[in-house]
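1. the amino acid sequence is not available; the structure is as follows:
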């Protein structure tokens, strides 16, 4: 494959997102010049996959690359920006929660490249379907980021820091909190030695449903029906777990309050 | 198609579950003798789809059918059982939350047939993948229900009332509560005029992930990382909505407490 000229990329970080993104960009023709990680194993592993050099010290960052992707935990971004000291080249972070103002006056070309998805090293993801939210300091850099996004995804959006932070918060509800509810459900049935597999078709259908319908119109269950008998039965069943009972009560009451909003004729459970 | 002999079924109810179940059983060769609904339109609509008669009074229930499926709201089951007064024939309810003891001493053959899925009239569902949980008063009736289940699904289970109630509670967390979190997410981004479509790939992947991995090991986000800065930022963003802030705090704290459990190296947002 002809590598995309003058587009060599350095990856700072070799975690889940860095791994998926570096591999995807490499596959799309970009040259990955270097992969940095504090962990030699992680740096080496990813570097090998994308034909890059690996480094374990930020002092060794190749200053001659064209684009620098910072894929480190949010709390480490500022420190990394300070240490690698890239002034003229395009430097990008990939965080949903960190604003573009994390870049300081020393940076001339900077931006954000936020793929809105959950990544685990073990799971393959199809990048073409992942919304990539970009923001940059200039039109030229915005276009550059859109161009990169278009190489790996069919869906790219210019989203400013404020909107991105809202999206990130919404993602916490849709992913982090939803996943925790799955865990609570698994614990409830584990006590009765019921296989979690029984819940999987329901979990998948619940997610698929809202790709075609408004979730507010799909709301079902005892809380929206104001089915006091079932609500009380459930509360009794959860009486041994104060934490889960509190969650049950709070979410049921929130659903109940949303009742006045539009809903269609839908039932579950 | 040769209809399955001596297996004529009466459906009491023509809601979402009744509609999907009656059509599926009809397709599998069962004769649907009658469909009852208080709403003439609903009864007529479903009856037409399954070549059945429709009735709008429980007094008109055909006593000569073989199996009676009660698919009415939980709160109406007792009343229906009393009114149709079926003594010898096999009578079945389809509720997750109602125990088998709802049948009284007048009933000789009874059971529960609980398809663990969320149904909406408009959405097609593949029945073969839906877990059917059955319970009956005798081995003979249990086998009969397993036989019916096997005609429409590859997954049937004998689950007693206690276990079914646990499953139903877990389903409330996986479906009702999860769906409500989708609604909250949609409201958060609606304020910023961001299209909900951006969250759909994340929602689907979050659900798909736990079909192959333990949700407790997939937990990610600021709460599990104890990322105080992001948590505080989110709380500030939600300060206009006391209800959602409470949910954010409670779920974050519950995730944080679960931290001591196993987790793999997973990141999102």
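-> Great, that's in hand. Small disclaimer: the values here were computed from a predicted structure and weren't measured.
2. close enough to count as contact, residue A:194 and residue B:169?
-> No: if you go by C-beta atoms under 8 Å, residue A:194 and residue B:169 don't touch, sitting 11.1 Å apart. For glycine as for every other residue, the C-beta is placed from the backbone atoms N, C-alpha and C.
3. those two: which is more packed in?
-> Between residue A:194 and residue B:169, counting by other C-beta atoms under 10 Å in any protein chain shown, residue B:169 is the more crowded of the two (26 against 21).
4. ok, that one - contacts?
-> A:188, A:234, A:237, A:238 (C-beta atoms under 8 Å, 6 or more residues apart in numbering or on different chains).
5. would you list the residues you listed in TSV and tack on secondary structure and distance to residue B:70?
-> Output for these, formatted as TSV (DSSP: H, G, I helix; E, B strand; the rest coil; distance: C-beta to C-beta, whole Å):
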residue	secondary structure	distance to residue B:70
A:188	helix	26
A:234	helix	22
A:237	helix	23
A:238	coil	27
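6. farthest pair in those?
-> Distance extremes for the contacts of residue B:169: the farthest pair is A:188 and A:234 at 9.9 Å, using C-beta to C-beta.
7. so residue A:118 touches residue B:208, yeah?
-> No: applying C-beta under 8 Å, one finds residue A:118 not in contact with residue B:208, separated by 10.1 Å.
8. quick one: which of the two has more around it?
-> A count of neighbours by other C-beta under 10 Å puts residue A:118 above the other of residue A:118 and residue B:208, at 27 against 17.
9. bridging residues for that one?
-> residue B:268 (DSSP bridges).
10. show the contacting residues for residue A:43.
-> Contacts of residue A:43 (C-beta under 8 Å, 6+ apart): A:14, A:35, A:36, A:37, A:54, A:55, A:56.
11. keep only those of these that are in strands.
-> A:35, A:36, A:54, A:55 (DSSP state E).
12. what sits against the third one?
-> By C-beta under 8 Å, 6+ apart, the contact list for residue A:54 reads A:34, A:35, A:36, A:37, A:40, A:43, A:44, A:46, A:47, A:48.
13. let's go with 10 Å and repeat that
-> A:11, A:14, A:34-37, A:40-48, A:60 (C-beta atoms under 10 Å, 6 or more residues apart in numbering or on different chains).
14. show me which of those residues are buried.
-> Buried by 16 or more other C-beta atoms under 10 Å in any protein chain shown: A:11, A:14, A:34, A:35, A:36, A:37, A:42, A:43, A:44, A:45, A:46, A:47, out of those.
15. the helix or strand where the first one lies near chain B at all?
-> It refers to residue A:11. Using DSSP states H and E, residue A:11 sits in strand A:8-12. No: remark: strand A:8-12 sits outside contact range of chain B, by C-beta under 10 Å from any C-beta of the partner chain, the gap being at least 14.9 Å.
16. quick one: which of the contacts of residue A:54 is nearest residue A:112?
-> residue A:11 (15.6 Å).
17. and the closest one, what does it touch?
-> So residue A:11 contacts A:17-19, A:21-22, A:25-26, A:32-37, A:43, A:46-47, A:50, A:52, A:54, A:65, A:67-71, A:94 (C-beta under 10 Å, 6+ apart).
18. distance of the spatially closest residue to residue A:159 that is not a sequence neighbour from residue A:68?
-> Closest residue to residue A:159 apart from its sequence neighbours, by C-beta to C-beta, 6 or more residues apart in numbering or on different chains: residue A:133 at 3.9 Å. Using C-beta to C-beta, to the nearest Å, we find residue A:133 at a distance of 19 Å from residue A:68.
19. stretch A:45-54 spans what distance, first to last residue?
-> Using C-alpha to C-alpha, to the nearest Å, one end of stretch A:45-54 lies 9 Å from the other.
20. give me the distance from that stretch to the chain's centre.
-> Chain-centre distance of stretch A:45-54: 23 Å, with C-alpha atoms, centre = their mean, to the nearest Å.
21. again, but for stretch A:33-47
-> Centre to centre, stretch against its chain (C-alpha atoms, centre = their mean), the figure for stretch A:33-47 is 21 Å.
22. circling back to that earlier point, quick one: buried residues of the strand holding residue A:11?
-> Buried, per 16+ other C-beta under 10 Å, within strand A:8-12: A:8, A:9, A:10, A:11, A:12.
23. now stretch A:134-148
-> A:134, A:135, A:136, A:137, A:141, A:144, A:145, A:146, A:148.
24. can you put the residues you listed in TSV and add distance to residue A:109 and secondary structure?
-> TSV is the format used below for these (distance: C-beta to C-beta, whole Å; DSSP: H, G, I helix; E, B strand; the rest coil):
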residue	distance to residue A:109	secondary structure
A:134	13	strand
A:135	13	strand
A:136	8	strand
A:137	7	coil
A:141	5	helix
A:144	9	helix
A:145	11	helix
A:146	15	helix
A:148	13	helix
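25. okay, these in CSV with distance to chain B and pLDDT next?
-> Output for the buried residues of stretch A:134-148, formatted as CSV (distance: C-beta to the nearest C-beta, whole Å; pLDDT from 0 to 100):
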residue, distance to chain B, pLDDT
A:134, 13, 98
A:135, 13, 98
A:136, 19, 98
A:137, 21, 97
A:141, 22, 98
A:144, 21, 97
A:145, 16, 98
A:146, 16, 98
A:148, 18, 97
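26. farthest pair in those?
-> A:137 and A:148 (15.4 Å).
27. what's the overlap in contacts for residue A:188 and residue A:234?
-> Counting by C-beta under 10 Å, 6+ apart, the residues touching both residue A:188 and residue A:234 are B:168, B:169, B:172, B:173.
28. pretty sure the first one sits in a helix.
-> What that stands for is residue B:168. Yes: counting by DSSP: H, G, I helix; E, B strand; the rest coil, residue B:168 is located in a helix.
29. list the contacts for it?
-> Counting by C-beta under 10 Å, 6+ apart, residue B:168 makes contact with A:188, A:221-222, A:230, A:233-234, A:237, A:268-269, B:95-98, B:114, B:116, B:133.
30. now the helices for the stretch 51-200 of chain A?
-> A:74-84, A:139-152, A:161-171, A:178-190, A:200-212 (DSSP state H, counting those that start in this stretch).
31. any chance of those helices in CSV with distance to residue A:108 as columns?
-> Listed next are those as CSV, based on distance: least, C-beta to C-beta, whole Å:
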stretch, distance to residue A:108
helix A:74-84, 13
helix A:139-152, 10
helix A:161-171, 18
helix A:178-190, 40
helix A:200-212, 41
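32. of all the ones you listed, which one is nearest residue B:153?
-> helix A:200-212 (9.8 Å).
33. that closest one packs against which elements?
-> helix A:178-190, helix A:215-218, strand A:266-268, strand B:118-120, helix B:161-171, helix B:178-190, helix B:200-212 (3 or more C-beta pairs under 10 Å, 6 or more residues apart in numbering or on different chains; DSSP states H and E).
34. work out the gap between it and the centre of the chain.
-> 19 Å.
35. between that helix and helix B:200-212, how many degrees?
-> 170 degrees (axes from the mean of the first three to the mean of the last three C-alpha atoms, to 10 degrees).
36. thinking again about what came up before, closest to residue A:161 out of the helices and strands packed on helix A:200-212?
-> helix B:178-190 (14.5 Å).
37. can you pull the contacts of whatever residue of the stretch 51-200 of chain A ends up closest to chain B?
-> Across the stretch 51-200 of chain A, the shortest distance to chain B (C-beta to the nearest C-beta) belongs to residue A:176, at 3.2 Å. Listed by C-beta under 10 Å, 6+ apart, the contact set of residue A:176 reads A:118, B:181, B:206, B:218-225, B:251-252, B:255, B:268-269.
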